[in-house]
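# Everything below, folded, please.
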Amino acid sequence: MEAKRHTGGMATVAVPRRALEALLYSSVFISGCGFALTIETYQLARLPVSWSMAVFVFLATLFTYNLSSVQSMLRRPRQTINPHDPSWSQRHKRELAGIGLLSLIGAVTLYFWAGFEINWWFLLHLAVISVGYTVPVLYKRQRVKPLRSVPLLKVFLIAYVWAVVTAMFPLLDAGMEVWQQEALMLFLRRFLFILALALLFDIRDHVYDQHTNTLTFPGWMGVRRTKLVSLGLLVLYALVLLSQEKGLILWALLASTLVATLIVSMSSAERPRIYFAILADGAMLLHAGLVIMATAWAG
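The predicted model follows:
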């Protein structure tokens, strides 16, 4: 009887854990962060929220983060999936490929249905970066490594794409020009914040990148100095905020920056992947959530 009760308790605990893994490793959580940051941009710019744009960013992010599974299944549709593989993503590769394809269809459909005011050529350069980041290409019959393998480039690509998609896209669709000061400053702020967090994923992948001979900031200057660079970026971000924002929104942004500082300070290559998935990505969600709350409170 005790054995049955113990087994039932273990099963009860396993269900929320499996749900959490599915939320994190399917990239639904980080796509939700993109959704929230898009709404935050409208709030910071004092513009009406376009829910269509926020959903578009969610779907585009979901496709991009599951692109490697889509590519793998398209290249080898009959490949064997090991149900006991320690990697959740490998065990659920078919499902992730399906999610990726459905999110791509949804994003393209929404783009034409909503009639977003975003130039196709502007979208194209982001698509090239996003696909090239993960997927190797063939050039003159030679396999060219994906962009993530270019020394020290990975974090800058991540920060650039996230800043463009979650900051520039909403502003461009609202009628702003790329070179307007407000648009550029919001882009810069988002870039600095995301870049500081992206460095944490270099720390997370430090051992893997060493095995694949990929030069990243931790491999170049060490984990401790990489954390100092990340903290320095957050300090610079806070200084920019102090020169531009005021009131409750400023306090909300500074509070989220302080939490991000604590997350960076506690990071190490030995931390489990779930630490980075929940806290480093969650720092973006908190950042947006506090701004949205502050705007609602003030307004």
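# only C-alpha atoms for contact and neighbour calcs from this point on.
Fine.
# got a pLDDT number for A19?
pLDDT recorded at A19 is 85.
# hmm, I was thinking of M73
The model reports M73 with a pLDDT of 87.
# Ok, A196 next?
pLDDT, A196: 96.
# just V13 next, same as before
pLDDT for V13: 44.
# And for E177, nearest residue in space, chain neighbours not counted?
The shortest distance from E177 to any non-neighbouring residue, by Cα to Cα, 6 or more residues apart in numbering, is to A183 (7.4 Å).
# Now do the contacts for that neighbour.
167-168, 171, 176-177 (Cα atoms under 8 Å, 6 or more residues apart in numbering).
# Only whichever of those are buried, select them in ChimeraX.
Buried residues among these (16 or more other Cα atoms under 10 Å), as a ChimeraX selection:
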select :167,168,171,176
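# so which of the contacts of A183 would you say is closest to T216?
Taking Cα to Cα as the measure, T216 lies nearest A167 of the contacts of A183, at 26.0 Å.
# Distance of that closest one relative to L20?
Applying Cα to Cα, to the nearest Å, the value for A167 to L20 is 28 Å.
# Quickly find the element holding L126.
Using DSSP states H and E, L126 sits in helix 120-134.
# outside of that helix, which residues touch it?
Helix 120-134 is contacted from outside by 64, 67-68, 146-148, 154, 157, 161, using Cα under 8 Å, 6+ apart.
# Could you give the separation of that helix from the chain centroid?
Centroid separation for helix 120-134 versus its chain: 15 Å, with Cα atoms, centre = their mean, to the nearest Å.
# buried sites along that helix?
For helix 120-134, by 16+ other Cα under 10 Å, it's 126, 129-134.
# same check, this time on stretch 70-79
70-71, 73.
# And stretch 227-242, by the same measure?
Neighbour counts using 16+ other Cα under 10 Å place 227, 229-231, 233-235, 237-238, 241 of stretch 227-242 among the buried residues.
# ok, so of these, who is nearest L262?
Looking across those and measuring by Cα to Cα, the closest to L262 is L231, at 9.3 Å.
# Against L195, how distant is that closest one?
11 Å.
# can you check R273 too?
Counting by Cα to Cα, the gap from R273 to L195 is 19 Å.
# Looking at those two, which is more packed in?
L195 (23 against 12; other Cα atoms under 10 Å).
# you'd agree that one is up against V155?
Yes - counting by Cα atoms under 8 Å, V155 is a contact partner of L195 at 6.3 Å.
# all strands of the stretch 101-250 of the chain, in order?
Assigned by DSSP state E, counting those that start in this stretch, the stretch 101-250 of the chain shows strands spanning 137-139, 142-144.
# per-residue confidence averaged over the first one?
When you say that, I think you mean strand 137-139. 50.
# Thank you kindly, that will do.
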